Every structure is written in structure tokens, then in C-alpha cells.
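**Q** Task: produce atomic coordinates for the following.
(chains A, B, C and D)
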There are 2 protein chains.
Amino acid sequence: MADVAAMAGVSSQTVSRVANNRSNVEAETRRRVLSAMRVLGYRPNTAARALVTGQFRTLGLISFGFSRFGNARTVDAVIKVAQRAGYTVNMISIESQTERAVHDAFDQLRLQAVDGIVLVEAQTLDTPALRLPPGVPVVMADGDVSHRHPTVDTDQALGARLVTRHLLELGHRTVWHVAGPEDSYAARRRTASWHDTLKEAGAPVPPVLFGDWSAASGYEAGRHLLNRPEVTAVFAGNDQMALGVMRALTEAGRHIPGEISIAGFDDIDESGFFSPPLTTVRQDFDVLAEQIVSLMLGQIETGEAPSATAFVAPRLIVRASTGAPPPAGRR
Amino acid sequence: MADVAAMAGVSSQTVSRVANNRSNVEAETRRRVLSAMRVLGYRPNTAARALVTGQFRTLGLISFGFSRFGNARTVDAVIKVAQRAGYTVNMISIESQTERAVHDAFDQLRLQAVDGIVLVEAQTLDTPALRLPPGVPVVMADGDVSHRHPTVDTDQALGARLVTRHLLELGHRTVWHVAGPEDSYAARRRTASWHDTLKEAGAPVPPVLFGDWSAASGYEAGRHLLNRPEVTAVFAGNDQMALGVMRALTEAGRHIPGEISIAGFDDIDESGFFSPPLTTVRQDFDVLAEQIVSLMLGQIETGEAPSATAFVAPRLIVRASTGAPPPAGRR
DNA sequence: GATCCTTGTGTTTACGTAAACATCAGGGCA
DNA sequence: TGCCCTGATGTTTACGTAAACACAAGGATC
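**A** Sure thing, here's the model as predicted:
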């Protein structure tokens, strides 16, 4: 920086002003400084800048691996949006979802000096009232709304309602449900909404089967469903479990959707090519990420935590895995 | 830090020594300082530390989105290994795979001050001899070996060989291939190895069909294959394309593996639950990540770039989508 | 017993930047 | 004409840390 100042014949402070795009620099001076910067290949030192300003233009992101489709997509989208806003993303991936692990991750990020922290899939924590160390802006993605931090999430309830209604409208007497793990807030909301939608429609509410989001757990659930000849429609908490259910049924010679209709949630890239292609719910992760980052930047700038909760609407994608129930005689 | 020094009755330099775990501090003094640090909730300021040392304990990672299974798994594993080594990972996600975009990402990471940069799936670049700005250690994951940077990758050739041989040994006269995009180095190596394996076995080499890794492109390829009654075995470049091929065949009433055998590459989480479950090749991303990070840290410490190329061996996973060819009469 | 090395500690300094304050020239206004 | 305000720029300082150097005390070596 000193070299640039010398070459341009100005003080280092003026160079700083140009580097930060301040207004009060004469056009001619600015031009000289910029050209000197280019010639010398000057690039501002982030560490020194951060030392003075206390700002790092970096966001921390804590996530629980990429195996859940929604997590991977959310992380990817947040990174891209943050980049556009001139922020870099510092990632931490946690194996176990204990409060302790989250705290450690939090500590590490604060050591690494980030301006704010995004917590993806925060709901799977032991403690619903997670106490995070104060002093850093936080935004929860896909988290429990009761938290004291701003939260952004897909409208899980709406998604589950869309699927359930779709199946009822096809003529099914009721819809069975393979839920995600009980400690997942997203899973709980999907399940609650499925339950409410059935109630509203006056349909009987069958017992819930629980899975863990994996295709294997869906397969298990599917094996159970085989013993219930009255089942004609199944809503799985995500596409992987739907795939597992389909596999179990197909293996047993059941025809989908002729005998049983199956629907999922997420619309992973492969869903359109399952046998048969899967009816599911698509989330808009790009919009989700926009909201997350904008809430975060707002907090960083104002220093205040809005208690806002933003919901992003999902969309029903109808494919070949759902259809009318078989005629009563064949059940 | 000054407060800690005052409370412990030592100089700030001694506090610094304790914080950095230097040896030359008396046990008693160390104890006093540590307790003072705890009481005051002291945490070292990364920016100041980086300003002095020029080290950030941060790795930059450039990746092309998470849609490719291998990328997502590699990124996740690298993050976890880096964390264990006390490094944080700063991620950049690029949409288009042009040299220009990579350069921009590189610049941004250097601004954010990282100690080294990992480039995931570097092979899809326009220029095989990518010229990266010097001065920062680089490790390529899944990249062209001809580059001047150390590279770590799965042994793609071995994987393709395992699948192809497996199919030949089942009695198939030859094996068709749905390849990944031509600009992908991984795809090229899988294809080349498939080709060589057929040659070695004296089997005829059918024309290659190209896809873009997506299930949709696999479906396209599958439709083409339907016109070729002589096809009894297909090796798809990844599991998604294999799924697409299976979908096309199933739709047309073909039985897998009774009439046609299908194999993939990657072993994505869902592959075991396709209809039928998919024979495929599993890569060990954890080992891959270990190698990447260790090569990186080596470079950072010594300042020298080893021209090493490390290959990680994959493993064949045999499931129900492959079997003996149909008897000649039924072909 | 003198010299040297080692060990534990303190003092001074530099890292590169932006904030705070200081200065100076020129223009508007009474 | 004199005052004050504004805009462009320079000067000084602080940010929190670790490196470099200094120094004292004690033990080992000859």
C-alpha cells in the first residue's frame, strides 16, 4: 500500500479511500491511484483490514453433512448468493447432532472470525431451546421457529398438504405416511400437516411409520405396508424413503400406481427416472438462500436480530407414481 | 490479551507463548495464564494473528456445485479432514467451468487470505494446461494428471476395468458404454479403461454413447440402445445415467438383468434400492480427502509443490442389475 | 572458578489497514 | 471584506498478535 501511495504521489490514506470506494476523492487522483494499484499488483490485506474494522466479509455455515438432499442444495445455494454479495463462506460439517458438537463448531467459527453464522438443519438438536453463545448474528435454515434466532424455511406444512390433498382427490380413502426421524423439525411439520389435512377431509388417520430419511428405512416401511391390504396411497417424507417403499412393493409384485400410489418430498434429480417416475414436492432452494443471506446481512449491518420467520412456498410435481385407487372389488 | 497478562502477572508475550503452546514456559506460570484466560473468556484474534504470521489456518476450496455425487462427497470429506487438522475451509462454488471463472474464484480466495487452494473436479476446464496464478499451494482433486500441481484421484481406470470384466465374466460377448461428458477427465479415463479391457479380452468394441452425467441423458441413451437387439450388457459412467438407462428399458418392457445387464459407477446412496438394485463401483472419498489434505499441508509447511499423483482404489459392488446374458435363442 | 549454554521471561517492534483528527484551499453568503 | 462551511488530502494513531532481541539466573563444562 505504501508503494502504491508513493507511485501515485499521494498518502496511504488516499489509497485506502480509493480501495474502499469512498466518494471524497478527486477523479484524477483516483485514476492515478488505480493505475498504480494495477501496475504494482496491489491487493488489500484482509487480515489487516479485519483487524481494524472488525469485519471479515465471511459467513460461517454449520451443516450436518450433505447426505440429505435439502442440506446439500441449501448449502450450495447459500454459498452462491453470499458470493454475489461479496461474502465468502466458511464451512463446518458436523457428524453428530449434539448440542456439544454445535457449540464446538460455533467456537471454531468465532475463532476463525466470521461476521455471522448460518445453521442448516438446526432442528435435529437435542435441546429445542438451543443456547448459542451471544455476540454473533445467527440465521437458522430449516429450524425450529421457537428459537430466538431468525429462521428461514420451506413451508413444509404447505408441501405436505399439497401431496395429501392430491392423493385424496384421486379418490383414495386415506393416505398412509412414512415420516422422517422424530427429532427432525421438518419431518414433524410434514407429519403434522399430513395429519391435519386428513382430519379436515374427514379421512381416517392411519398409524405413522417412522424412517430416518434413508432409502433403507423406506424399504423397511414398505415391507410393513405389504401386510396391510387396505393401503392404496403412501406419502413418504422424502424421495429416498419413497424409493425404498417402491422397491419393497415392486419386489413383492405390487403395481405402482395401479395398486398403490406413492409420493415423496424433495424432488431430487433422480426422481423423474424412478420406476415409475415419482410424484413429489419441489422446494425452491435458491429463494431460500436469498432469504437466509439477506436476513444475515441485515443483522450484520444493523446489529439487531429481527425475530422474523420467512417461509418459502414449495410446489407439487405430479408424475406417474400416483393415480386413482384400484376398484373396490380388487382391493 | 493485555488483561490476561495483567491478571496472571506476566507479560503479554508470555500469554502469547501459552496460547501457542510453546515449550519454554514454566508449568506454574502456564497454569496461572490458562486460568486467567478461562476467567476472562479470552480468545485469540485471528486477524491480528494472521497479520503477523501470514498464516490463516484456512483452506480455499473451489467446486462446481454439488449435483455430481462425487463432488459433494469429496467436499464433505475434505471439510471434515481439514477440520481435524485445525483448518477451516472457505468454499467457492462455480457455475460455469470456464478458465475465467476459475481465475475469478482463485482471486477471491486469495483476497480472503487462504493458505492453500483445493480444486475439485478440475478436469472439466477448457484448457488442459490451466495456468493458475502462482504463490499459493494448490491440490487438484479428480483432475488431469498432466497439470503441474499435485493431484489426488480415485483410480478411475481400475473401477472401469472391474465393472467391464465383471460383465464379461458373466458371459456377455461384449459391454456397451454410456460415457460421461467428453470434457470430463474422469469420464475419459473410465471410457479409455473400458475400451482397453474389451480389447484385452478380445471382445468387440461397440460405439460409445455420450451423456452428461444426468439421469435424463441416461434415459436418452437407453432409448437408443432399445434399437440394438444385440445389446446384453451396459456400463454407465455413473449411477444416475444407469438409472436413466434402466428407466428407458423398463418402460419398453425389457427385463433387467434377464435380458440386459446394467452397471453404474459411484454407488450413490439410492443405488441399492433401484429396481433392480444396481451393480456399481464404490469410491473411497474419506481416503481421497485424507490424501488431498495431507498433500496440501505438506505444501504449506515446506513451501514446495511435490509433483505427486495419488490414486485411491475403488471397489466393485455387485447387486441384482447384472447377470448372465439370455440364451442365444432368445436374443 | 571462569566460561558458556540453556531456560524462562520481559521489552520493543512490525504487520497493513482504516478511523479520527488536522490541514488547507476555495466558494458562498452576510 | 470577512466569516464559515465544504471537499480533498495528509498525519497520527490504534487494532491484537508474534517475532526479534534483551536479559537474568542457574547448571554444565573445562
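**Q** what comes up buried for stretch A:14-27?
**A** A:T14, A:V15, A:S16, A:R17, A:V18, A:A19, A:V25 (16 or more other Cβ atoms under 10 Å in any protein chain shown). C-beta coordinates here come from the backbone N, C-alpha and C atoms, glycine included.
**Q** do it and DNA strand C meet at all?
**A** Yes: Stretch A:14-27 comes into contact with DNA strand C (Cβ under 7 Å from any atom of the strand), by way of A:S16, A:A19, A:N20.
**Q** Return the subset of those residues lying in helices.
**A** Secondary structure assignment by DSSP state H places A:S16, A:A19 of the residues of stretch A:14-27 next to DNA strand C in helices.
**Q** Name the nearest of the residues of stretch A:14-27 next to DNA strand C relative to B:E99.
**A** Checking these against B:E99 with Cβ to Cβ, the nearest one is A:A19 at 26.9 Å.
**Q** I'd like the distance from the closest one to A:G65, if you could.
**A** Distance, A:A19 to A:G65, by Cβ to Cβ, to the nearest Å: 39 Å.
**Q** low-scoring stretches of the stretch 1-150 of chain A, by residue?
**A** Residue ranges of the stretch 1-150 of chain A with pLDDT under 70: A:122-133, A:144-147.
**Q** All the helices of it, residue numbers only.
**A** Ranges of helices within the stretch 1-150 of chain A are A:2-8, A:12-19, A:27-40, A:46-53, A:69-84, A:99-111, based on DSSP state H, counting those that start in this stretch.
**Q** from these, which stretch is densest packed?
**A** Highest mean neighbour count among the helices of the stretch 1-150 of chain A (mean count of other Cβ atoms under 10 Å in any protein chain shown): helix A:69-84, with a mean of 23.
**Q** quick one, that one and helix B:69-84 angle?
**A** Helix A:69-84 and helix B:69-84 are oriented at 70 degrees to each other (axes from the mean of the first three to the mean of the last three Cα atoms, to 10 degrees).
**Q** about what we covered before: redo the buried residues of stretch A:14-27 as TSV? Include distance to B:Y87.
**A** TSV is the format used below for the buried residues of stretch A:14-27 (distance: Cβ to Cβ, whole Å):
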residue	distance to B:Y87
A:T14	37
A:V15	32
A:S16	30
A:R17	35
A:V18	33
A:A19	28
A:V25	39
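**Q** Out of those, flag the one nearest to A:L243.
**A** Comparing the buried residues of stretch A:14-27 against A:L243 with Cβ to Cβ places A:A19 closest, at 52.8 Å.
**Q** Could you measure from the residue nearest to the closest one when sequence neighbours are not counted over to B:D104?
**A** Sequence neighbours aside, A:P44 is the residue nearest to A:A19 in space, at 5.5 Å (criterion: Cβ to Cβ, 6 or more residues apart in numbering or on different chains). Per Cβ to Cβ, A:P44 is found 17 Å from B:D104.
**Q** ok, which of the buried residues of stretch A:14-27 also contact DNA strand D?
**A** Among those, proximity to DNA strand D is found for A:T14, A:R17, A:V25 (Cβ under 7 Å from any atom of the strand).
**Q** got the contact list for the nearest residue to the second one once chain neighbours are set aside?
**A** Closest residue in space to A:R17, ignoring its immediate chain neighbours: A:V25 at 5.2 Å, by Cβ to Cβ, 6+ apart. Under the criterion of Cβ atoms under 8 Å, 6 or more residues apart in numbering or on different chains, the contact partners of A:V25 comprise A:T14, A:R17, A:V18, A:V33.
**Q** again with A:A186
**A** Counting by Cβ under 8 Å, 6+ apart, A:A186 touches A:G70, A:E121, A:Q123, A:D142, A:D153, A:T154, A:Q156, A:G180.
**Q** what's the closest of these to B:R223?
**A** Using Cβ to Cβ, those come closest to B:R223 at A:G70, 31.3 Å.
**Q** of the helices of the stretch 1-150 of chain A, which approaches A:F285 most closely?
**A** Proximity to A:F285 (Cβ to Cβ) singles out helix A:69-84 among these, at 4.2 Å.
**Q** returning to what we had before: right, so of the helices of the stretch 1-150 of chain A, which gets closest to A:S275?
**A** Nearest to A:S275 among these is helix A:69-84; the distance by Cβ to Cβ comes to 19.4 Å.
**Q** That's all I had, so thanks and see you.
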